[in-house]
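# Okay, predicted coordinates and the sequence, questions at the end:
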Amino acid sequence: MPMEKNVKIKPRRIVKILFLIIIIFFLLFLYARYINTKGLVVNEEAIVDEAMNEAYNGLKIVHFSDIHYGRTTDQDDMEKLVQSINELNPDILIFTGDLFDNDKISDEDIKLMSDYLSKLQARLFKFAVIGDYDQQYIDTYHLIMNDSGFTILDNTSKLVYDNALEPINFVGLTSTSDIQSLYDNDYFTITIMHQPDMVQDLPNSNIVFAGHSLGGQIKIPFIGGIIKKDGARTYLNDYYKVDGMQLYISNGIGTENFSFRLFNKPSITLYRLYNY
């Protein structure tokens with residue numbers, strides 16, 4: 001029998017392979033840090049729920065979240081965000097929390113953010129909920145959102161009528177303690193909250209909008225987001241059906257903890273509601 005030959009990889013070839021791996025990781029680093037954190041993807045989706053009153057067919061809801069201004073989000077990004085949202089002409093505008101990236105907010109930042117958010121337009125309402133970062137500067141958050149024409153739903157609800165006798169019940173949650181009374185009606189209900197994992201504690205809701213997860217920040221094709229955190233360990237990707245509720249999660253605008261996004265650009269979504 002012929003003797004088996006030992007296959008040896010030459011040192012020069014090993015060096016070439018290692019050099020190629022380093023180059024690939026370096027390019028991915030640049031892409032994730034400087035390219036994928038910029039730009040804005042505008043998604044459009046239809047939400048169908050037979051329980052909704054047909055008078056609201058075509059209602060347009062624009063959802064954005066997690067600006068984290070001051071890390072990778074700057075004034076140019078805010079200009080683009082305002083322009084893109086207003087071009088969609090929403091009926092309802094929803095912000096699901098985390099305005100700034102830290103609690104050191106200057107008077108200039110407060111004025112700047114108030115000016116940008118004031119420019120956002122919605123035919124009926126602009127709703128906001130409180131994110132975990134917003135809790136660190138809660139008085140400033142209330143000041144900015146109120147001055148900008150947003151209604152903060154902090155474990156409260158708002159009945160919205162639009163050419164119909166029957167309203168849509170918009171519920172905004174900061175926590176899931178003592179919330180049953182917000183759902184004790186037969187109205188079509190849309191829940192707005194920051195952390196998507198809270199969906200497991202809801203009494204009932206037709207549609208749920210959340211943020212916080214940033215879509216996992218790093219997405220692997222055919223797998224989805226991979227960075228899990230408290231409040232988004234079970235639900236972190238775009239869409240889930242949970243106990244009959246439709247859960248939609250925004251990928252957000254900014255970044256958190258580290259200034260990277262991979263295969264996951266900043267985005268907003270326009271939803272059109274239908275009952276058929």
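Thanks, I have it.
# drop to CA atoms for contacts and neighbour counts, all remaining ones
Fine.
# what are the ranges of the helices in the stretch 101-250 of the chain?
107-119, 138-147 (DSSP state H, counting those that start in this stretch).
# got those as TSV, with distance to residue 228, mean pLDDT and mean neighbour count columns?
Formatted as TSV, those follow (distance: least, CA to CA, whole Å; pLDDT from 0 to 100; neighbours: other CA atoms under 10 Å):
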stretch	distance to residue 228	mean pLDDT	mean neighbour count
helix 107-119	28	98	15
helix 138-147	25	98	16
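# In a markdown table, list the ones you listed along with distance to residue 210.
Output for the helices of the stretch 101-250 of the chain, formatted as a markdown table (distance: least, CA to CA, whole Å):
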| stretch | distance to residue 210 |
| --- | --- |
| helix 107-119 | 19 |
| helix 138-147 | 18 |
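# Let me know which of those helices is the nearest to residue 70.
The minimum distance between residue 70 and these falls on helix 107-119, with 9.1 Å, by CA to CA.
# which outside residues touch the closest one?
Residues outside helix 107-119 that contact it (CA atoms under 8 Å, 6 or more residues apart in numbering) are 78-79, 82, 140, 144-145, 147-149.
# Looking at these, which is nearest residue 22?
Using CA to CA, residue 78 is the member of the contacts of helix 107-119 that lies nearest residue 22, at 34.4 Å.
# which residue packs closest to that closest one, ignoring adjacent ones?
Leaving aside its chain neighbours, residue 78 sits nearest to residue 116 (6.9 Å; criterion: CA to CA, 6 or more residues apart in numbering).
# Out of the contacts of helix 107-119, which comes closest to residue 132?
Using CA to CA, these come closest to residue 132 at residue 140, 13.8 Å.
# Look up how far residue 118 lies from the nearest residue to that closest one once chain neighbours are set aside.
Nearest residue to residue 140, sequence neighbours excluded (CA to CA, 6+ apart): residue 110, at 7.7 Å. In this structure, residue 110 and residue 118 are 12 Å apart, going by CA to CA, to the nearest Å.
# same check, this time on residue 169
According to CA to CA, residue 169 and residue 118 sit 24 Å apart.
# Alright, that wraps it up for me.
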